[in-house]
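S.K.: Just to be clear, the model below is a prediction. Sequence and coordinates:
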Amino acid sequence: MDLEKPPTERPVPRGEGCLTVAVRLPVRIVVFVLVVPVRMAWDALVVCGRLLRDTVLRPVGRALLWVAWAVFVWPWVTLWRYVVVPVGRTLGRLGYVLLVVPAAWLYDRVLTPLGHAIAWTARGTGAALAWVFRGVRGGLGRVLRGIGTGLGRVYAWLLVPVGRALARLLKSVGTGLAAVGLGVYGAVAWLTRYLIVVPALWCYEWVLAPAGRAVAWTARGLGRLVGMIFSGIGTGLYWTLRVLLVLPAIAVWRWILVPVGRVLAVVGREIVDALGHDWRVAGHLSLAVGRFLARLLRLAFVEPVRWAYRTVLTPLGHVVRDTVLGPAAEAARSAGRVTRQILDAARESARQTRADVRRILFGTPREPEPLRPAKPRGEPQAAAARTLGSSTTALTKD
């Protein structure tokens, strides 16, 4: 609760009317009476909520978070870390050994030499085919040149004269057909002009245009007449609605709603200001009541419990510790030491017994031979001469 903050200073209005001054004090009194219980209940709920959050919800949330981590996250992390990753690495290594290494060996030892052999064979075959193609192309070229020469002579000695004769014939026939077509076109154009175009122009100028002008003048007159009629009707309706509806509505707005609205605005503004002021005052009052109740609870419960703990329970606990718990702990420690010594002695006796039984059954264990000193490095020495005391056979060997 942020109740100790100084209230924000509200600017003092200038030139307030008597209505504002008359409404302010009663409104603040009524609102204060209504706001104080609400503010105290709100402060109590805030204190209970914070206590519940700090003592119950936060520990429960942390416990639930830990349980969720242990139930949902930790198994997957363990599975990933200790199962998936090692299995993946093993499978990767196995795939490398079983697939990549054989494939590389096959590529280096089999496919590359085979490819080189195929490429060499293809180059030889291509060279042979190119030599054959060049020979065939030379023969075909000579044959085609002979055929072309014959065709050129046929074109020059036969087709050109025949084409020129056909062109002269078609030119003379086309000239006659063009003359006939021009005559027919001229006749059709003269007939179309004097049978269709000229009568249509006369009909448009002397019949349709005057009729259209008369119809347009009549339509404009009718439009003006209809406009005058509707304008008169609209003007009558406008003044009727203005006198019957607009002027009364303006009078009601100006002389009733605006003054009532201003009074309600003043009352509402004062209610809002009173709510803010009384809420702050109720906060200070609630803080004082809370401190009084906390002081009363401390004097009624906490101080007696504290006094009883300091003056009764603490000396009693010291007496119990010095007279009962201390000797009991020392006796327990002594008993523990004695028990450990007994167990150590029993363990040592069992070890000695096992060693005696092993010695009786299997004999004394052979002592390890001492290590021979290493020969000094340097020049090789000659073999020592054989003597009677040296061992020369397996039977007399030490």
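M.R.: Arrived safely, thanks for sending.
S.K.: neighbours of residue 251, just the number please.
M.R.: Burial of residue 251 is recorded as 10 neighbouring residues (other CB atoms under 10 Å). For glycine as for every other residue, the C-beta is placed from the backbone atoms N, C-alpha and C.
S.K.: so who does it touch?
M.R.: By CB atoms under 8 Å, 6 or more residues apart in numbering, the contact set of residue 251 is empty.
S.K.: Now do the same for the helix or strand harbouring it: mean pLDDT, whole number.
M.R.: For residue 251, the element it lies in under DSSP states H and E is helix 247-252. Average pLDDT, helix 247-252: 90.
S.K.: Stretch 127-137 too?
M.R.: Regarding stretch 127-137, the rounded mean pLDDT is 79.
S.K.: That stretch: how far from the chain's middle?
M.R.: Remark: stretch 127-137 is offset 67 Å from the chain centroid, using CA atoms, centre = their mean, to the nearest Å.
S.K.: Backbone dihedrals for residue 78, please?
M.R.: For residue 78, the backbone dihedrals (degrees, to the nearest 10) come out as phi -60, psi -40.
S.K.: what's around it, how many residues?
M.R.: By other CB under 10 Å, 11 other residues sit near residue 78.
S.K.: who touches it in this structure?
M.R.: So residue 78 contacts nothing (CB under 8 Å, 6+ apart).
S.K.: That one and residue 72: what is the separation?
M.R.: 12 Å (CB to CB, to the nearest Å).
S.K.: Over to residue 340?
M.R.: Applying CB to CB, the value for residue 340 to residue 72 is 47 Å.
S.K.: can you give me the helices for the stretch 51-200 of the chain?
M.R.: Here the stretch 51-200 of the chain has its helices, by DSSP state H, counting those that start in this stretch, at 58-68, 74-79, 85-95, 101-106, 112-154, 160-192, 198-203.
S.K.: Can you say which of the ones you listed is nearest to residue 279?
M.R.: Closest approach to residue 279 among the helices of the stretch 51-200 of the chain is made by helix 58-68 (29.4 Å; CB to CB).
S.K.: Report the mean confidence score over the closest one.
M.R.: Per-residue pLDDT over helix 58-68 has a mean of 92.
S.K.: Restrict it to CA atoms and write it as PDB.
M.R.: Taking C-alpha atoms only, helix 58-68 is exported to PDB below (Å, rounded to 0.1, in the frame of the first residue of the first chain):
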ATOM      1  CA  ARG A  58       5.300 -18.300  -4.500                       C
ATOM      2  CA  PRO A  59       6.500 -21.500  -2.700                       C
ATOM      3  CA  VAL A  60       3.800 -23.500  -4.400                       C
ATOM      4  CA  GLY A  61       4.800 -22.000  -7.800                       C
ATOM      5  CA  ARG A  62       8.400 -22.800  -7.200                       C
ATOM      6  CA  ALA A  63       7.500 -26.400  -6.200                       C
ATOM      7  CA  LEU A  64       5.300 -26.800  -9.300                       C
ATOM      8  CA  LEU A  65       8.100 -25.400 -11.400                       C
ATOM      9  CA  TRP A  66      10.500 -27.900 -10.000                       C
ATOM     10  CA  VAL A  67       8.000 -30.800 -10.400                       C
ATOM     11  CA  ALA A  68       7.400 -29.700 -14.000                       C
END
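S.K.: least reliable of the helices of the stretch 51-200 of the chain going by mean pLDDT?
M.R.: Lowest mean pLDDT within the helices of the stretch 51-200 of the chain: helix 160-192, a mean of 74.
S.K.: helices and strands around that helix, which ones?
M.R.: Judged by 3 or more CB pairs under 8 Å, 6 or more residues apart in numbering; DSSP states H and E, helix 160-192 is in contact with no other helix or strand.
S.K.: which SSE is residue 236 in?
M.R.: Element membership for residue 236 (DSSP H and E) is helix 209-241.
S.K.: Name the residues of that helix that are buried.
M.R.: Within helix 209-241, no residue counts as buried by 16 or more other CB atoms under 10 Å.
S.K.: Give me the distance between it and the centre of its chain.
M.R.: For helix 209-241, the distance to the chain centre is 68 Å (CA atoms, centre = their mean).
S.K.: Equivalent analysis for stretch 31-48, please.
M.R.: Taking CA atoms, centre = their mean, one finds stretch 31-48 lying 44 Å from the centre of the chain it belongs to.
S.K.: repeat for stretch 117-127
M.R.: Remark: stretch 117-127 is offset 58 Å from the chain centroid, using CA atoms, centre = their mean.
S.K.: CA-only coordinates of stretch 119-126 in PDB, if you can.
M.R.: C-alpha atoms of stretch 119-126 as PDB (Å, rounded to 0.1, in the frame of the first residue of the first chain):
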ATOM      1  CA  ALA A 119      37.100 -42.100 -71.500                       C
ATOM      2  CA  TRP A 120      40.100 -43.500 -73.400                       C
ATOM      3  CA  THR A 121      37.900 -45.800 -75.400                       C
ATOM      4  CA  ALA A 122      35.400 -43.000 -76.100                       C
ATOM      5  CA  ARG A 123      38.200 -40.700 -77.400                       C
ATOM      6  CA  GLY A 124      39.500 -43.500 -79.700                       C
ATOM      7  CA  THR A 125      36.100 -44.300 -81.000                       C
ATOM      8  CA  GLY A 126      35.400 -40.600 -81.500                       C
END
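S.K.: what's it in contact with?
M.R.: Defining contact as CB under 8 Å, 6+ apart, one finds that nothing outside stretch 119-126 touches it.
S.K.: buried stuff in the helix or strand just after the helix holding residue 251?
M.R.: Sequence-wise, the next helix or strand downstream of helix 247-252 (DSSP H and E) is helix 258-297. Using 16+ other CB under 10 Å as the test for burial, helix 258-297 gives 266, 270-271, 273-275, 277-283, 285-287, 290.
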